[in-house]
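**Student:** output the structure for:
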Amino acid sequence: MDAPATENLDAIINIDENEESIKNKDVKLEENPFEQKKRKRTSVIWNDFNEIILLDGTKKVQCIHCLKRLAYNNNGATTQYHRHLKCCLSRILADKKQKLLAVNEGGVESEVAIANFKYDHANVREKASHMILVHEFPFNMVEHEVFNVFMKTAAPYYQKISRNTARNDCISTFELEKKKLKTMLGSVNRSLLDWGLENKVCTITLDNANNNDATVRILKDAIKRKLMLGGKIFYVRCCAHVINLLAQDGLSEIEMVIENVRESVKYLIASEARLIKFGEIAKQLQLPSKKLILDCPTHWNATYAMLAAALEFREVFPRYKDRDAGYNCCLVMKIGIGQNMCTIFLSVFEEVTNVISGSEYPTANIFLLEVWKIK
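**Tutor:** The predicted model follows:
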């Protein structure tokens, strides 16, 4: 009976030793309860700072936003860390709860003013209309892909503007500026006397519209006594407009040639395949690599550019007709002599117009000589 009891006792002792061994192993996995615990940090600044140790063993505190390093305080003081967070611009911009900032430079001694920013789409549309009107951009410019990528990069909140919206905004801007101008001139009478300019006006330059003639007569009667030579040289006709009338009158004499060239160019540029075939013929003839130009009928200089370009390809058109049965404008194109004379004639007007338009103030010593060349 003693032996079994002894064996049972040994088994009980072994079980107790195993349990004690397991308990001891669990204790080793946890922190040592006998070591002094580190003081728990309660300040909120540690959400924005990290402790780092430099290569030389120096301990620093680093801002997680701007990465600026500050001295480590062994006494636990956090005043300088709070002071840094108040002026850390990187933290302010990164904080999702913080509004965007608008930084306006200028003012006295280049002061920088920081204010809360809010995207104003109405203001963006207004400024876009000013941009289109000042630089004479097309309305569909606001729909260009690269332009919208640029705007999204500069302002993530930017909303796209359609061409119809841009057109309507430009009309609204024009009407608004028109009202402002009317208000500004509301207290001004119709005469130049109120401005004290009656002794300073020498000539006035306008085009040849009938309403301008009537306006000049009224104005001339009001200040006739102050004008040079009794007003005989007061009204100067617009030289560029006179040249345009002369050129348009001359073009009317060869209207058939111009219309034929215009229809030929329209036919060719309407299809990429036609242009490729036309270009192949031009390359075989070793002609210069120029492009066909389609004119605007109301602008004589555009018509000149179209004729000059087509004249370079006068040998290509009949050869192209042999390859394209649908092209039937070549009969009149044989009048190459008339087209050539027209181009030479218009080149004189083109040269004079460039001289006049190239000067901001084309005075008489500039345009009189050019008009004499035309005569």
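**Student:** what are the buried residues along the helix or strand harbouring His82?
**Tutor:** For His82, the element it lies in under DSSP states H and E is helix 79-87. By neighbour count on 16 or more other CB atoms under 10 Å, the buried set for helix 79-87 is 81, 84-85. Just so you know, the C-beta spots here come from the backbone N, C-alpha and C atoms, and that holds for glycine as well.
**Student:** name the nearest of those residues relative to Ala71.
**Tutor:** Proximity of the buried residues of helix 79-87 to Ala71 (CB to CB) peaks at Tyr81, which lies at 10.0 Å.
**Student:** excluding chain neighbours, what is closest to that closest one?
**Tutor:** If you skip the residues right next to it in sequence, Tyr81 has Ile45 as its closest partner in space, 4.5 Å away by CB to CB, 6 or more residues apart in numbering.
**Student:** least trustworthy helix or strand in the protein by mean pLDDT?
**Tutor:** Across the helices and strands of the chain, mean confidence by mean pLDDT, DSSP states H and E is lowest for helix 2-29: a mean of 44.
**Student:** after that helix comes which helix or strand?
**Tutor:** Scanning the chain past helix 2-29 towards its C-terminal end, the next helix or strand to appear is strand 49-53 (assignment: DSSP H and E).
**Student:** direction included, what does that following strand pair up with?
**Tutor:** strand 59-63 (antiparallel) (DSSP bridges).
**Student:** how about the partner strand: buried residues?
**Tutor:** Applying a neighbour-count criterion of 16+ other CB under 10 Å, one finds 61-63 buried in strand 59-63.
**Student:** who touches it?
**Tutor:** Residues lying outside strand 59-63 but in contact with it, judged by CB atoms under 8 Å, 6 or more residues apart in numbering, are 48-54, 68-72, 81, 84-85, 88, 90-91.
**Student:** for that strand, the distance to its chain's centre please.
**Tutor:** A distance of 45 Å separates the centroid of the chain from that of strand 59-63, by CA atoms, centre = their mean, to the nearest Å.
**Student:** got the angle for that strand vs helix 79-87?
**Tutor:** Inter-element angle recorded for strand 59-63 and helix 79-87: 20 degrees (by axes from the mean of the first three to the mean of the last three CA atoms, to 10 degrees).
**Student:** which strands and helices sit next to whatever helix or strand comes next after strand 59-63?
**Tutor:** Downstream of strand 59-63, the next assigned helix or strand under DSSP H and E is strand 69-71. For strand 69-71, the contact count by 3 or more CB pairs under 8 Å, 6 or more residues apart in numbering; DSSP states H and E identifies strand 59-63, helix 79-87 as packing neighbours.
**Student:** repeat the analysis, applying 10 Å as the threshold.
**Tutor:** Other elements packing on strand 69-71 under the criterion 3 or more CB pairs under 10 Å, 6 or more residues apart in numbering; DSSP states H and E are strand 49-53, strand 59-63, helix 79-87.
**Student:** can I get these in JSON lines with distance to Glu175 and mean pLDDT?
**Tutor:** What follows is the helices and strands packed on strand 69-71, written out as JSON lines (distance: least, CB to CB, whole Å; pLDDT from 0 to 100):
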{"stretch": "strand 49-53", "distance to Glu175": "57", "mean pLDDT": "87"}
{"stretch": "strand 59-63", "distance to Glu175": "53", "mean pLDDT": "89"}
{"stretch": "helix 79-87", "distance to Glu175": "47", "mean pLDDT": "85"}
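**Student:** redo the ones you listed as JSON lines? Include distance to Leu229.
**Tutor:** Conversion of the helices and strands packed on strand 69-71 to JSON lines gives the following (distance: least, CB to CB, whole Å):
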{"stretch": "strand 49-53", "distance to Leu229": "86"}
{"stretch": "strand 59-63", "distance to Leu229": "80"}
{"stretch": "helix 79-87", "distance to Leu229": "73"}
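**Student:** relative to Ala273, which of these is closest?
**Tutor:** Minimum separation from Ala273 across these (CB to CB) falls at strand 59-63, 64.6 Å.
**Student:** returning to what we had before: how far away from the center of its chain is the helix holding His82?
**Tutor:** Between the centre of helix 79-87 and the centre of its chain there are 41 Å (CA atoms, centre = their mean).
**Student:** and for stretch 146-156?
**Tutor:** If you compare the mean C-alpha spot of stretch 146-156 with that of the full chain, they lie 10 Å apart, counting by CA atoms, centre = their mean.
**Student:** from here on, call the first residue 11.
**Tutor:** Got it, first residue is 11 now, which makes that one stretch 156-166.
**Student:** buried set for that stretch?
**Tutor:** Under the neighbour-count rule (16+ other CB under 10 Å), stretch 156-166 has Met161 buried.
**Student:** residues in contact with that stretch?
**Tutor:** Contact with stretch 156-166 is made by 110, 127, 129, 134, 138, 147, 151-152, 154, 168-171, as judged by CB atoms under 10 Å, 6 or more residues apart in numbering.
**Student:** show me which pair in the residues you listed is furthest apart.
**Tutor:** Using CB to CB, the contacts of stretch 156-166 reach their maximum pairwise distance at Leu110 and Phe147, which is 28.2 Å.
**Student:** quick one: which of these two has more around it?
**Tutor:** Shown here are Leu110 and Phe147; by other CB atoms under 10 Å, Phe147 has more neighbours (16 against 13).
**Student:** quick one, what contacts the spatially closest residue to the more buried one that is not a sequence neighbour?
**Tutor:** With CB to CB, 6+ apart as the measure, Met141 is the residue that lies nearest to Phe147, at 6.7 Å, once sequence neighbours are left out. Contact criterion CB under 10 Å, 6+ apart gives 147, 151-152, 176, 180 as the residues in contact with Met141.
**Student:** for Ile228, see how far away Thr215 is.
**Tutor:** Note on Thr215: its distance to Ile228, by CB to CB, to the nearest Å, is 17 Å.
**Student:** spell out which helix or strand contains the residue nearest the centre of the chain, please.
**Tutor:** Nearest residue to the geometric centre of the chain (CA atoms, centre = their mean): Phe157, 6.4 Å. Secondary-structure assignment from DSSP H and E places Phe157 in helix 155-164.
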